[in-house]
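Trainee: Take this sequence and fold it.
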Amino acid sequence: MKHIFIKKPVLVGCISLVLYYAILEVYFVYFISVEYLRYEFFLNIDYGKYIETKIIFIVLLAYSIIISKTNEFIYSIFIFFLVFFLIPGLITYSFSDRPAGPLYATIALQLCIGAISSFKFNLPEIRTPQLSYGTIMLLVGFAVLPVVLTFGMYFNLSNIVLEDVYRTRELFSANSNLGIDYLYNWLVKALIPLCMVFFLVHNRYRYAFVTFLLLFYLYIISGNKIVYITLFVMLFFYFVGRDHLEKTKYFLLVLIISLLVMPVVDYAFNTHSLKGVFVMRMLFLPTQLNYFYFDLFEGHPLYFAESNFFKFFFTYPFERPVGYIISEIYFDASDMNANNGIISDGYMNLGYPGIVLNILMVSLIFLFFKSSNPDPRYLGIFFVMIFLFLSAPLLSMFVTSGLWIVVFLSLTMMKRRKPAI
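Mentor: Residues are numbered from 1 along each chain as shown. Down below sits the predicted model:
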């Protein structure tokens, strides 16, 4: 009976995913395919593919139940990939009559993530110097100082309601440099979010509040929406739910409510802003971009020639970064950077072997994190990480986005040392 029983959070999660799928289909038919023809979101349903995608979804939904019994952390990761990668991919594939390659690459990624729930690394114990909370806070302050000295106390509070974010981003880019860019990304995508949760876990609420203010400051000066989202994601996954299963359940419920409320808010303000940012740009556009990358690089991968190091060995065929080339060719928008995620990045550089390589690397990364036994209250950092995988190459995630920091801190700061509240 123990193996047949489905825990309530998992059952609620399954129902929520079915609702999420249905709601996103409605969004695609009545919003995405109407408002975003510029991005080639055409409504051209293929009923054979429609049935095919439903079967795939049901099979993976059942697979998620099995994973929940094997490892709760990997169950959460599996669900996040399902939400951001697979379900938008299934809908785009069936409603836009797209080729199968990008979708089945995503399915392979999903299956590999689920498969690692049964494995584990034996990680060494890392003993670090016992630093006081004040010392850690001081080190964070020193890390932020170069950014403060560069940008000062610039506060465009209209960014709170997502106004002027693009102008703010232009100002940030104009005043930044390579060193500040790296430091900024390490701060907002790894160090400060982790420290904020660390202080909360250890009941150092004043230090946690200071890190919150620092992260908010870094959003205000940059207009980077992912930083804004990270603020609330980290707090949500800290405070809501006791374990990975409950936190994932509440995330799915909030997701459903948000998708239902967004059209009402947009209608009240006579805009498409919320639906455009959270549904089109965050869910459907990354999936759509996969098809364009597959189309452009079919039969002639770059072999990583876009990077400065590999340019010594392979010829880079464009005068601008690939993201701008994609936008110029498929959207007629030469000033837009169409970022590529882990699926399109693998295909762009090595074809299907590149996809296999990226899938294996991502699976090993999460197997590593699983083996480090992270506290459930840090689940937000993995949520943000998966979201970043939608639009960032794997190498960029390690170097630019500070994945190396998360790897190190997972063996020290993030380990589960006491029951989650």
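
Trainee: where in the stretch 1-150 of the chain is pLDDT low?
Mentor: Under the criterion pLDDT under 70, the flagged ranges of the stretch 1-150 of the chain are 1-4, 124-129.

Trainee: Checking residue 120 next. Helix, strand or coil?
Mentor: Classification of residue 120 using DSSP: H, G, I helix; E, B strand; the rest coil returns coil.

Trainee: check contacts around it.
Mentor: 367, 370-371 (C-beta atoms under 8 Å, 6 or more residues apart in numbering). Where C-beta positions appear, they are placed from N, C-alpha and C, glycine not excepted.

Trainee: same check, this time on residue 149
Mentor: Taking C-beta under 8 Å, 6+ apart as the definition, residue 149 has no contacts.

Trainee: Give me the distance between it and residue 183.
Mentor: 11 Å (C-beta to C-beta, to the nearest Å).

Trainee: for residue 174, same thing?
Mentor: Distance from residue 174 to residue 183, counting by C-beta to C-beta: 17 Å.

Trainee: So for those two, which residue has more residues nearby?
Mentor: Shown here are residue 174 and residue 183; by other C-beta atoms under 10 Å, residue 183 has more neighbours (20 against 7).

Trainee: so the more buried one touches residue 145, yeah?
Mentor: No - proximity of residue 183 to residue 145 does not meet the contact threshold set by C-beta atoms under 8 Å, at 9.9 Å.

Trainee: Please name every helix or strand in contact with the host helix or strand of residue 199.
Mentor: Following DSSP states H and E, one finds residue 199 within helix 192-201. Other helices and strands packing on helix 192-201, by 3 or more C-beta pairs under 8 Å, 6 or more residues apart in numbering; DSSP states H and E, are helix 133-151, helix 205-222, helix 225-239, helix 379-389, helix 403-410.

Trainee: and the ones you listed as a markdown table, adding distance to residue 103?
Mentor: Formatted as a markdown table, the helices and strands packed on helix 192-201 follow (distance: least, C-beta to C-beta, whole Å):
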| stretch | distance to residue 103 |
| --- | --- |
| helix 133-151 | 40 |
| helix 205-222 | 34 |
| helix 225-239 | 25 |
| helix 379-389 | 16 |
| helix 403-410 | 26 |
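
Trainee: Single out the most deeply packed of those helices.
Mentor: helix 379-389 (a mean of 23; mean count of other C-beta atoms under 10 Å).

Trainee: Could you pull out the buried residues of the following helix or strand past that helix?
Mentor: Following helix 379-389 in sequence order, the next helix or strand is helix 394-399 (DSSP H and E). By neighbour count on 16 or more other C-beta atoms under 10 Å, the buried set for helix 394-399 is 394, 396-398.
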